[in-house]
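> predicted model follows, preceded by the sequence.
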Amino acid sequence: MSSLRHFAVILRKDLAMEFRTRDILYPMALFSLLLVVVFSFAFLSDPTRVRDYGPGIIWVTVLFASTVGQNRLFDRERENGCLWAMLLTPASRSAIFAAKATGHFLFTVFMELLTVPLIILFFDLSVPRPGPFLGALLLGTLGLSLVGTLFSAMLMNARMKEVLLPLVTFPLLMPVVIAGVKVTSLAVGAPLAEDVSMWLRFLIGFDMIFAVATLLLFERMIRS
């Protein structure tokens, strides 16, 4: 119960500070909206193939905007050594990591609520299977948040962090993006002879494995 209380306190603190300053939400929302506008001008010349590239556009937007948020996830803690002050509190390392990952997950979901409907509207996408569509977005976003939070903490004090973070996270996140594109394509009615449940199970397995792996790595990294 104490870990849950610490988790709630840290998450509430991060959400309150973010909705007061919007240091993460504004860059994520602006960048994702800019991507949607650019893609809409680039691909609307052939509306007959909208089901082919629409899912890819959704996941490229989610991936890039998520990376923008990850770059700034530990900026407040880096200033004046606030992370080490947090580690001196009774809060466990796992509670700190879980709160940070949950905060990033919520920020990314908020960005998706703004941009994904615009992509569906601009590209005139129909979603006959909304269940797998939403499931893939939530499961994929969770995977992005787990991996991104870990490496954001690792590279918190690194030079050229904005360049290094995509380089180390994108190879790990490619399976999530591929599975997300497959499920989204099937959800919008693309003629693919594949099983949507297989890719959803893959996303669930990825999240379960990396939830444990990132938590253990974060605790060992902080101790060292």
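Nice, thanks for sending it over. Residues are numbered from 1 along each chain as shown.
> report the rounded mean pLDDT for the top helix by length along the chain.
Longest helix in the chain by number of residues, with DSSP state H as the criterion: helix 93-122. Across helix 93-122, pLDDT averages out at 90.
> after it, which helix or strand is next? Please name it.
Beyond helix 93-122 on the C-terminal side, the first helix or strand identified by DSSP states H and E is helix 130-154.
> for the helix or strand that that next one is followed by, which helices and strands make contact with it?
Next along the chain after helix 130-154, taking DSSP H and E as the criterion, comes helix 161-187. Identification of packing neighbours for helix 161-187 by 3 or more Cβ pairs under 8 Å, 6 or more residues apart in numbering; DSSP states H and E yields helix 50-71, helix 130-154, helix 196-223. Heads up, the C-betas are built off the backbone N, CA and C, glycines and all.
> tell me the buried residues in helix 161-187?
By neighbour count on 16 or more other Cβ atoms under 10 Å, the buried set for helix 161-187 is 161, 165-166, 169, 172-173, 176-177, 179-187.
> swap in stretch 15-26?
Neighbour-count burial for stretch 15-26, with 16+ other Cβ under 10 Å as criterion, is recorded at Glu18, Ile24, Leu25.
> would you mind writing the CA trace of it as CSV?
What follows is stretch 15-26, C-alpha atoms only, in CSV (Å, rounded to 0.1, in the frame of the first residue of the first chain):
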residue,chain,number,x,y,z
LEU,A,15,0.5,15.8,-13.8
ALA,A,16,-0.1,18.9,-11.7
MET,A,17,3.3,20.4,-12.8
GLU,A,18,2.7,19.5,-16.5
PHE,A,19,-0.8,20.9,-16.7
ARG,A,20,0.5,24.1,-15.1
THR,A,21,3.6,24.5,-17.4
ARG,A,22,2.7,22.2,-20.4
ASP,A,23,6.4,21.7,-21.1
ILE,A,24,5.7,18.2,-22.5
LEU,A,25,2.2,18.4,-23.9
TYR,A,26,2.6,21.5,-26.1
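> mean confidence for that stretch?
In this model, stretch 15-26 carries a mean pLDDT of 83.
> how far is that stretch from where the chain is centred?
16 Å (Cα atoms, centre = their mean, to the nearest Å).
> for the residue lying closest to Met156 once chain neighbours are set aside, what are its contacts?
Of all residues not flanking Met156 in the chain, Phe74 sits nearest, at 4.5 Å (Cβ to Cβ, 6 or more residues apart in numbering). Residues in contact with Phe74, defined by Cβ atoms under 8 Å, 6 or more residues apart in numbering, are Leu83, Lys100, Ser152, Ala153, Met156.
> with respect to Asp14, which of those is nearest?
Lys100 (7.2 Å; Cβ to Cβ).
> the closest one and Glu79, how far apart?
15 Å (Cβ to Cβ, to the nearest Å).
> more neighbours, these two?
Lys100 (24 against 9; other Cβ atoms under 10 Å).
> hang on, isn't the more buried one packed against Leu150?
No - with contact defined as Cβ atoms under 8 Å, Lys100 and Leu150 do not form a contacting pair (9.4 Å).
> so where is this protein shaky, pLDDT-wise?
Residues of the chain meeting the criterion pLDDT under 70: 1, 44-50, 80-81, 223-224.
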